[in-house]
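Enquirer: Give me a model of this one.
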Amino acid sequence: MAIGRSLNYNEAWATSAKLNPHGDIMDYSQMLADKTDTILKSWIEAVRQDRNIESADTLPHSAIENHIPHLLGAMAALLSQYSNSDIKLIIEASLDHGLLRAEQGYDSAEVAREYHLLRQVIFSELETELLAGTTAEVFKAFRLIDAVIDEAIAQCFNSYVAQKLRELQQIQSQLQLTNQELNRLVSVNQENLSYLAHELKTPLNSIIGYSELFLRKGRAQTEIKDTLPGIEHIERVLRNGRQLLRLINDALELARADAGKIKLNLRQTNVQSLINTVVEMMQPIADAKGLKLAVTSDCAPKQVVADGQRLQQIVTNLLSNAIRYTESGSIELSCSRAGEANWTIAITDTGIGIAPEDTNRIFDPFFQAGEARKQQYPPDSTGLGLAIVSRLVTLLQGQIEVVSEIGVGSTFTVILPLEVKILQAVS
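Expert: As a prediction, the model looks like this:
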């Protein structure tokens, strides 16, 4: 259902006038009409200032507002006719809020918080008029406004849950396909297989456990108050499913590289465009951690002959790795020519650093520098990113160097030829 194809704001007021032509009771519908712009402005400001709704920080005004004018129009029609028999019909005709919020990355608590703020703003703006009415009029107005918002919440969470379930089904399908390919390609030593099995066990157990819990809950009819915990269970499943899928995909990529199954697609590649694409993709992640991301590429070559997809994969993995292991400070990506035949990409961070005794092992699969009991690593780290980078750099006939100091940071430098040659061994 698309927003804007149903009951619009003006149609709601026209309906109100037909249903209550005499206006023989206090016209709260007209009061709501007069205050609609104020309510919208106050509500959007409240949403932006609420630190419990972080997903709204980067959204434009129109994306936050979404269906709220339609919702206020529905309230006006119902207040005019003083009947709640058509609440569900009107709300269903103008609401696809949950689907949009799911696509925008809201979690369920943020969606619920938005409606809580909307209820507060409406009653706050109408407080003076409500106090001037009779007890019966005020009671009916409160009841109808609450009923419209409650029905909006119910419909919103219905579409929100449906979207999350669709995403869960997509992840399940991807897991099945990648698991089949994993069984066909992965051929590593017993130690790595044991480590991989251990890493897969935790998210897989979580997926199974929460899926069973959600299915048990789904067999019984739940009320609105029970919806939020159920959605949180789905979101836990999705988080663990994504982590499991990422681990499997990394293992598959490593297996392909070790088995010589990666073939290069060499062509003219715009270096500046490639760097801009990666930086645009990683900038929000750096911003979320409060890290400054700087790029110096004035001296970079304009064109190189390389596999653009694999080159982008190298830069993305290195930049992602730098962000993941840096809690404060900055990350700098620099690119320049290196002599007549080579060029370099260097990524410097102010992260945790790497001990000298670990620098020779950081490109080994599943290896993570430091002592597990003393060093805390991000929960989404698989220990495969640098191993993949190392193999791709070799495939592109380059080399990678690292300079690092514990507590100061690290610099990873990739040196590549301006033109990658098709060699007999690279196939």
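Enquirer: Stretch 391-410 spans what distance, first to last residue?
Expert: 20 Å (Cα to Cα, to the nearest Å).
Enquirer: now what about that stretch, what contacts it?
Expert: 254, 257-258, 262, 264, 306-307, 310-311, 313-314, 322, 325-326, 329, 348-355, 359, 362-363, 389-390, 411-417, 420-421, 423, 426 (Cβ atoms under 8 Å, 6 or more residues apart in numbering). For the C-beta atoms, the positions are set from N, CA and C on the backbone; glycine is no exception.
Enquirer: Distance from the chain centre to it, please.
Expert: With Cα atoms, centre = their mean, to the nearest Å as the basis, stretch 391-410 stands 29 Å off its chain's centre.
Enquirer: tell me the mean pLDDT for it?
Expert: Here stretch 391-410 scores 92 as its mean pLDDT.
Enquirer: What are the buried residues along it?
Expert: The neighbour-count check on stretch 391-410 (16 or more other Cβ atoms under 10 Å) flags 391-393, 395-396, 398, 400, 404, 409-410 as buried.
Enquirer: out of those, which are inside helices?
Expert: 391-393, 395 (DSSP state H).
Enquirer: For this structure, just list every one of the helices.
Expert: Using DSSP H, helices in the chain cover 9-19, 28-49, 61-65, 68-81, 87-93, 97-103, 108-125, 127-132, 135-185, 190-218, 227-258, 271-288, 308-324, 385-395.
Enquirer: Including distance to S336, could these go into JSON lines?
Expert: Output for the helices of the chain, formatted as JSON lines (distance: least, Cβ to Cβ, whole Å):
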{"stretch": "helix 9-19", "distance to S336": "57"}
{"stretch": "helix 28-49", "distance to S336": "41"}
{"stretch": "helix 61-65", "distance to S336": "40"}
{"stretch": "helix 68-81", "distance to S336": "51"}
{"stretch": "helix 87-93", "distance to S336": "59"}
{"stretch": "helix 97-103", "distance to S336": "40"}
{"stretch": "helix 108-125", "distance to S336": "43"}
{"stretch": "helix 127-132", "distance to S336": "64"}
{"stretch": "helix 135-185", "distance to S336": "37"}
{"stretch": "helix 190-218", "distance to S336": "36"}
{"stretch": "helix 227-258", "distance to S336": "27"}
{"stretch": "helix 271-288", "distance to S336": "10"}
{"stretch": "helix 308-324", "distance to S336": "14"}
{"stretch": "helix 385-395", "distance to S336": "17"}
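Enquirer: Point to the residue nearest the middle of the chain.
Expert: With distances taken as Cα atoms, centre = their mean, the residue of the chain nearest its centroid is G105 (4.9 Å).
Enquirer: Verify the stated contact: it with E54.
Expert: No - counting by Cβ atoms under 8 Å, G105 stays clear of E54, with 9.6 Å between them.
Enquirer: pLDDT weak spots in the stretch 101-250 of the chain?
Expert: Residue ranges of the stretch 101-250 of the chain with pLDDT under 70: 182-205, 208-231, 233, 239-240, 243, 246.
Enquirer: Please report how far R48 lies from D258.
Expert: Per Cβ to Cβ, to the nearest Å, R48 is found 49 Å from D258.
Enquirer: More neighbours: which of those two?
Expert: D258 (16 against 13; other Cβ atoms under 10 Å).
Enquirer: do you know how far the more buried one is from R361?
Expert: Distance from D258 to R361, by Cβ to Cβ: 17 Å.
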